[in-house]
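>>> the following block contains a protein sequence and its predicted model.
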Amino acid sequence: MDAITDNYQLIVISFATTILLFVFASIGSLLLGTLLVAMRVGPIAVMRRAAATYVVLVRNTPLLLILLFFSIAAPKIGINFQFVRIIIPTGWGDIRMTNAFAGAVVGLTLYTATFVCEALRSGVNAVPIGQAEAARAIGLPFSGVMRNVVLPQAIRAGLPPLASTQIALLKNTTVALSVLVLEAAYALKQLLDANPGDRWWLLAVFAGIFVVLVELVSLISNRFERKWRIA
Amino acid sequence: MNQSVLFDAPGPKTIQRHRIYTVVTLAVLLAAVGLVAFRLNERGQFAGDKWEVFVTPAYVEFILGGLVDTLQMAGAAIVGAMVLGLVLGIGKISDHQIIRGPSWAIVEFFRAVPVLMLMIFFFSIYGIYNGTTGPFWCVVWALTLYNGAVLAEVFRAGLLAVPKGQSEAAYAIGMRKSQVIWIVLLPQAVKIMIPAIISQCVVTLKDTSLGYAIAAPGLTAVARPIYLEFQNHVPVYLVIAAVYIVVNLLLTAIATWVQKRFVGEKKVLQVAAVGEQSAQPGPITN
């Protein structure tokens, strides 16, 4: 138990980093995923094919490999994130958002965006064809069909799979451990090495916080789902 | 939705506009690819000696050795996860609260905790003391627990997807609960579950790479000695990513084929996400 009471500052700082990773990558992946799905269902064949290729390639690559690429290989061809250097000093230690953090955010964004794209696409696919046909039959232009008929239903249908992608993203932030971002898994590893006697306590605390965070995300998604549901 | 339904047939002006978009997109894509190629070339990453290693038999063998380790870990984990998933999945639809409650709690816990944390934990209690085979088994156990929890949801959803009349008829001719599940429900449910199980195999295969953090063997781990020797950081990651992609696409192709052959294209198993309402414990209604 001492390992936790003595190191609560490190635990808090590491989870703050985890949450920051999640927030940045979440915003990025939602934006990129929306762009991808727009290309994927749009009328331009080249865009459709480009988006589909991107999704297939990135989705089948392990996330760790993408993060390692940005951490080890990309600097060799002049792609690095040295210009990112935000250090938030707190009384309990610094929250460091430097090149490793930025690389992890970029990798997580590129990876998660493919799943966001597929989730949104499944939402669009779930809208019955008759809906779009009816909308066009009453003379709505393309923008009207999408804005008033298809998208409102697609977002409702796509919300549960979208929430799953964001929960997966939250859990995937731990992969940043391998590119040396001090997030929750990194702190767990350090504490496990230093305090072999308190292993079960450490696992219980870290896993417990993660369960709470995951339930929080799914709670928010359930709220929206209920709010947007049509009787 | 069929995308042609979303738009009207394009008129002459729209066709013109689409042509412009096509050209612009192509230009942007070509510029991006060109820039990357230029950068690679500039830093000498296209040099023959950086790529030669991938056709050198000794190193090809080395990389394939990594692939075999990865496949072994994924295979062992999937077999374990199927057994665990079956037990927990049937446990979740048990009539007895005393079985249902713990099954639900175990499934929710292992679906919510990151796999990597489980790996690190197992490494600290077992792997670190067991040299070369330790990390291998830590990866397998962590993936078994996580995927077992995911597959429990799949099995549960699959069993519940069998038409109610089937179990009713089985009870009517006097079968016991275990007979209903083993003789009537499972054989029919397997069909609809196979695609979901195979896509979980893809997830498992990708997740074996996480063993990198605890020095487990595998495809991701073979990159390091190669780039340390040849300074070919970019090529080695591109090649290894390609190997992963090919193996995963093969698995996906099998899943698609099975889906078409046994299930039909439309019907897809609905599996509850972590924390979702339908994941709450509830008895099988009969």
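The structure has been received and is ready for your questions.
>>> give me the neighbour count for residue 52.
Using chain A here. 14 (other Cβ atoms under 10 Å in any protein chain shown). Every C-beta, even on glycine, is put in place using the N, C-alpha and C of the backbone.
>>> looking at chain B here, not the other one
13.
>>> what of A:Q190?
Counted with other Cβ under 10 Å, A:Q190 comes out at 14.
>>> do the one 5 residues further on as well
Using other Cβ under 10 Å as the criterion, A:N195 is surrounded by 18 other residues.
>>> which ones are touching it?
Each residue near A:N195 by Cβ atoms under 8 Å, 6 or more residues apart in numbering or on different chains is listed here: A:2-3, A:202.
>>> ok, the residues you listed vs B:F62, which is closest?
A:L202 (36.3 Å; Cβ to Cβ).
>>> quick one: pLDDT of the closest one?
A:L202 is assigned 89 on the pLDDT scale.
>>> now do B:V274
Predicted confidence (pLDDT) at B:V274: the value is 58.
>>> what of A:L57?
Turning to A:L57, the model gives it a pLDDT of 93.
>>> hang on, it packs against B:I245?
Yes. The pair A:L57 / B:I245 is scored as a contact, 6.1 Å apart, by Cβ atoms under 8 Å.
>>> how deep is A:L188 tucked in, by neighbour count?
27.
>>> distance of it from B:F121?
Distance from A:L188 to B:F121, counting by Cβ to Cβ, to the nearest Å: 8 Å.
>>> how is chain B partitioned into domains?
B:3-42, B:50-279 (automatic domain parsing).
>>> so which of those comes closest to A:V116?
For the domains of chain B, the distance to A:V116 is smallest for domain B:50-279, at 14.4 Å, taking Cβ to Cβ.
>>> quick one: is the closest one near chain A?
Yes. Judged by Cβ under 8 Å from any Cβ of the partner chain, domain B:50-279 and chain A are in contact via B:108-109, B:112-117, B:120-121, B:124-125, B:202, B:206-207, B:209-210, B:212-213, B:220, B:223, B:227, B:233-234, B:236-237, B:240-241, B:244-245, B:248-249, B:252, B:273-277.
>>> distance from that domain to the middle of the chain?
Relative to its chain's centre, domain B:50-279 lies at 6 Å (Cα atoms, centre = their mean, to the nearest Å).
>>> buried ones among the residues of domain B:50-279 next to chain A?
B:108, B:112-117, B:120-121, B:124, B:202, B:206-207, B:209-210, B:212-213, B:220, B:223, B:227, B:233-234, B:236-237, B:240-241, B:244-245, B:248, B:252, B:273-276 (16 or more other Cβ atoms under 10 Å in any protein chain shown).
>>> give me the most central residue, chain A.
Centroid-nearest residue in chain A: A:L169, 3.6 Å away (criterion: Cα atoms, centre = their mean).
>>> so it is in which element?
helix A:151-172 (DSSP states H and E).
>>> in that helix, what's buried?
Within helix A:151-172, judged by 16+ other Cβ under 10 Å, the buried ones are A:151, A:153-154, A:156-172.
>>> could I have that helix exported to PDB, CA atoms only?
Output of helix A:151-172 as PDB, limited to C-alpha atoms (Å, rounded to 0.1, in the frame of the first residue of the first chain):
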ATOM      1  CA  LEU A 151     -26.800  12.600 -41.400                       C
ATOM      2  CA  PRO A 152     -29.100  13.000 -38.400                       C
ATOM      3  CA  GLN A 153     -30.000   9.300 -38.600                       C
ATOM      4  CA  ALA A 154     -26.400   8.300 -39.500                       C
ATOM      5  CA  ILE A 155     -25.000  10.000 -36.400                       C
ATOM      6  CA  ARG A 156     -27.600   8.200 -34.200                       C
ATOM      7  CA  ALA A 157     -26.700   4.800 -35.700                       C
ATOM      8  CA  GLY A 158     -23.000   5.500 -35.700                       C
ATOM      9  CA  LEU A 159     -22.800   6.700 -32.100                       C
ATOM     10  CA  PRO A 160     -22.300   3.300 -30.300                       C
ATOM     11  CA  PRO A 161     -19.500   2.200 -32.700                       C
ATOM     12  CA  LEU A 162     -18.000   5.700 -32.500                       C
ATOM     13  CA  ALA A 163     -17.900   5.500 -28.700                       C
ATOM     14  CA  SER A 164     -16.200   2.100 -29.000                       C
ATOM     15  CA  THR A 165     -13.400   3.700 -31.100                       C
ATOM     16  CA  GLN A 166     -12.900   6.400 -28.500                       C
ATOM     17  CA  ILE A 167     -12.800   3.800 -25.600                       C
ATOM     18  CA  ALA A 168     -10.200   1.800 -27.600                       C
ATOM     19  CA  LEU A 169      -8.300   5.100 -28.100                       C
ATOM     20  CA  LEU A 170      -8.300   5.700 -24.400                       C
ATOM     21  CA  LYS A 171      -6.900   2.200 -23.700                       C
ATOM     22  CA  ASN A 172      -4.400   2.500 -26.600                       C
END
